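Student: Give me coordinates for this.
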Amino acid sequence: MVRLPVPNSAPRTIPNADALDEGLLADVANGAARLTPEQALDLYNRAPLHTLGRFADMRCRSLHGDNLRTYIIDRNINYTNICTVRCTFCAFRRDATDHDAYTLDVETILEKIEQLVSIGGTQILMQGGMNPALPLEWYENLLNTISDRFPTVHVHAFSPPEFIEFIDFFDPPGDTLEDKLRYVMTRLKNAGLKSIPGGGGEIFANPVRRKIGLGKADAEAWLTCMYVAHSLGMFTSATMMFGHIEGIADRVHHMDLVRRWQDRALSTADESDDPWGHYKAFISWPFQPDNTPLGRAKEWGTGEGDALDAPFPGDAVANLSGDGDPRAHKEFGRRIRLAGASAYLRTQALSRLMLDNIYSIGSSWVTMGPHIGQLGLYYGANDMGSVMMEENVVSAAGTTYCLDEAFLCHLIRGSGFTPAQRDSYYDILDVHTAPDSPDLRVTDWSEHRIKKLHIESKPSATETPVQLTASASD
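Tutor: Got it, this is the predicted structure:
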C-alpha cells in the first residue's frame, strides 16, 4: 500500500497580482501561493480554457506526479428514496405513499454487499432520502450487521443533510448543533460508520440554496456536520453541483468555504493530540435536468428579450460573500444556465487551483460522459471515481453512462497515465502495470461498453449478480 501525503495548508496570498499573471499561476501550481476568491473569479471569467487546464494540470502533477491516476471499486446503495425534503433538482425522492417508494431491508443490503465483495470491492457508498420512519436504532443495527458480516468493507455513508434530518427525527441530547451531531455521529461511528460522503453540498450561497433545496441543510449546518466528523477522526469528501440557477461567483464562494473549513480542520489537527480527519477529495458535477422540477425552467438565452450582453440572473445576484440580493434580477430562480463540457472543465480546473489544501480532485465522467471525464485528467483531476454496480440518483435524472473496470483503466492508460486501484483513504492498493491488468487483458472492447446499469426498482427484491460497471463517486 502506498500512503499518500496530506497537502500543506494556507500558502501566502498575493492579492494585488493579476489573476492571469503566469508567475502567480506558476506559484499556485507549485503550492507556493494561494488564489484569493477575487482572483479565482477573474481567472474563471478571463482565462482561456487551455490556460486554466495547463496550470490545473501542473498543480495536479505537483501533488500526484506524472504517472498514477486512480479509481476505487465500490457500490452505491441508496437504501431509501422516501424523503421529506423537496429539492427542485432531484428526480429520485418519493413520498412514503408513492407507489414506487421503497426502503431496503437489511438482508437485501447485505446481498448487494456480497455481490460487491465477490468482485473485489472495498467500499459501499450508502445514502438515501430523509425517511422519518427509520429510528436511530435501525441505522445502528444496519451498521453493526454490515460490520459483523463484512469487516473489511469500508462504510462511507450518510451525507450532511441526512445527519441534519437525523437531528430533527431523533431529537438527540445536546445544547448546540455540534453537540447533537456529535451524539448521533458517535453512535453511528461506534456501530461501524467509517467516513462521510459529501452529498448535498449543491451550492452554499443562501439565495441559491433557498431556491433549489427547500428544507435542506444550509451551508453552516453542512459545514458544521463535516467539522464534527473531522473532530471524531473521520475523513470526508466535499462536492458541488453547478450549472443551474447559480452565478459564477457562487461557485467560487462555495470553493472558498470548503477551503476555509479545511484550513480550520488541518490547523486544529496540528494542535490536537487526538486524531483528526479532513476533506480527502472534492468532486463537482453539472446539474442533470431530466425528470426534475428545476429542469422545466427555461434556459437562459432561449427566450424573447434574452439579450446576448445581458447578465445571467444568477450572475446578477451572486457575490463572493454568498449573500446576494435575490431581488437583483426578476428572473432569478426562474432561469437556468446548464453547464456543458467547456464550463465543466473550466470549473473543475478552477477547483484544483483554488483548493490548494485538498489532495484529490475527482473527474465526474458519470455526468459528462467517459471521454470528457478522461479529458478531465488534464484539467486537474487525479481520480476517475468508482467502479460501481449500481446508481440511482443521477440515473433518475436521465444520465447513466456505464463502464466496466477494464474500460475505466483503458481511459486512464489512454490518457498517458498508469491506472491504479485505491481505497477509501486514497491510498494505492494496486498499480496496473502487469500484462494481466484489467484493460491489458481485453482483445475486443465492444464487450466492455455496458448498456445497462442496475437501478433500484423494488423495496426488497432478490437480485442476481450484475456485471461490474462504473460511475462517479463522492
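Student: Every contact and neighbour count from this point should use C-alpha atoms.
Tutor: Fine.
Student: Touching, Asn81 and Leu104? I think so.
Tutor: No: judged on CA atoms under 8 Å, Asn81 makes no contact with Leu104 at a distance of 9.4 Å.
Student: okay but Arg54 is in contact with Gly376, surely?
Tutor: No: contact criterion CA under 8 Å: Arg54 and Gly376 do not qualify, at 11.5 Å.
Student: which one of these two has more residues nearby?
Tutor: Remark: of Arg54 and Gly376, Gly376 carries more neighbours, 29 against 17, as counted by other CA atoms under 10 Å.
Student: how near is the residue lying closest to that one once chain neighbours are set aside to Ile372?
Tutor: Spatial nearest neighbour of Gly376, excluding adjacent residues (CA to CA, 6 or more residues apart in numbering): Ser363 at 5.7 Å. Ser363 sits 9 Å away from Ile372, going by CA to CA, to the nearest Å.
Student: Of the two, which one has the most company?
Tutor: Higher neighbour count among Ser363 and Ile372: Ser363, with 31 against 18, using other CA under 10 Å.
Student: Phi and psi next, for the more buried one.
Tutor: phi -90, psi 130 (degrees, to the nearest 10).
Student: and what of Gly362?
Tutor: Note on Gly362: its backbone torsions stand at phi -100, psi 140 [degrees, to the nearest 10].
Student: cool, Leu49 as well?
Tutor: Here is the backbone geometry of Leu49 (degrees, to the nearest 10): phi -60, psi -40.
Student: Quick check: it vs Ala341, distance?
Tutor: 11 Å.
Student: cool, and Thr84?
Tutor: 33 Å.
Student: Between those two, which is the more surrounded one?
Tutor: Shown here are Thr84 and Ala341; by other CA under 10 Å, Thr84 has more neighbours (18 against 15).
Student: Sketch out the strands for the stretch 301-450 of the chain, chain order is fine.
Tutor: Along the stretch 301-450 of the chain, the stretches classed as strands by DSSP state E, counting those that start in this stretch are 335-336, 360-362, 383-388, 418-422, 428-431.
Student: right, and the residue nearest to Gly376 touches Tyr378 too?
Tutor: No: between Ser363 and Tyr378 there is no contact under CA under 8 Å: 10.0 Å.
Student: Now for this protein, the helix or strand with the poorest mean pLDDT.
Tutor: Here the helix or strand of the chain ranked lowest by mean pLDDT, DSSP states H and E is strand 469-471, holding a mean of 36.
Student: and the helix with the most length in the chain, what other elements does it pack with?
Tutor: Using DSSP state H, we find that the single longest helix of the chain is helix 248-271. Helices and strands touching helix 248-271, as assessed by 3 or more CA pairs under 8 Å, 6 or more residues apart in numbering; DSSP states H and E, comprise helix 37-46, helix 219-231, strand 236-242, helix 313-317, helix 341-354.
Student: CSV for these, including mean pLDDT?
Tutor: Shown next, in CSV, are these (pLDDT from 0 to 100):
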stretch, mean pLDDT
helix 37-46, 98
helix 219-231, 97
strand 236-242, 96
helix 313-317, 97
helix 341-354, 97
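Student: how about Cys409, what does it touch?
Tutor: The contact partners of Cys409, taken as CA atoms under 8 Å, 6 or more residues apart in numbering, are Pro419, Pro438, Asp439.
Student: Turn those residues into CSV, including distance to Gln127 and neighbour count.
Tutor: Formatted as CSV, the contacts of Cys409 follow (distance: CA to CA, whole Å; neighbours: other CA atoms under 10 Å):
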residue, distance to Gln127, neighbour count
Pro419, 27, 29
Pro438, 29, 18
Asp439, 30, 22
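Student: Identify, from those, the entry nearest to Leu429.
Tutor: Nearest to Leu429 among the contacts of Cys409, counting by CA to CA, is Pro419 at 11.0 Å.
Student: my read: that closest one touches Ile428, true?
Tutor: No: Pro419 is not in contact with Ile428 according to CA under 8 Å; the separation is 10.3 Å.
Student: which residues do the two both contact?
Tutor: Taking CA under 8 Å, 6+ apart as the contact rule, Pro419 and Ile428 both touch Thr70.
Student: Note down every partner strand of the lengthiest strand in the chain and its orientation.
Tutor: In the chain, with assignment by DSSP state E, the single longest strand is strand 68-78. As defined by DSSP bridges, the strand partners of strand 68-78 come to strand 123-127 (parallel), strand 383-388 (parallel), strand 418-422 (parallel).
Student: same question for the last one, mean pLDDT?
Tutor: Within the predicted structure, the mean pLDDT of strand 418-422 is 97.
Student: who's in contact with it?
Tutor: Contacts for strand 418-422 (CA under 8 Å, 6+ apart): 67-73, 409, 412-413, 428-433.
Student: and Gly120, how many neighbours does it have?
Tutor: Number of residues near Gly120 (other CA under 10 Å) recorded here: 10.
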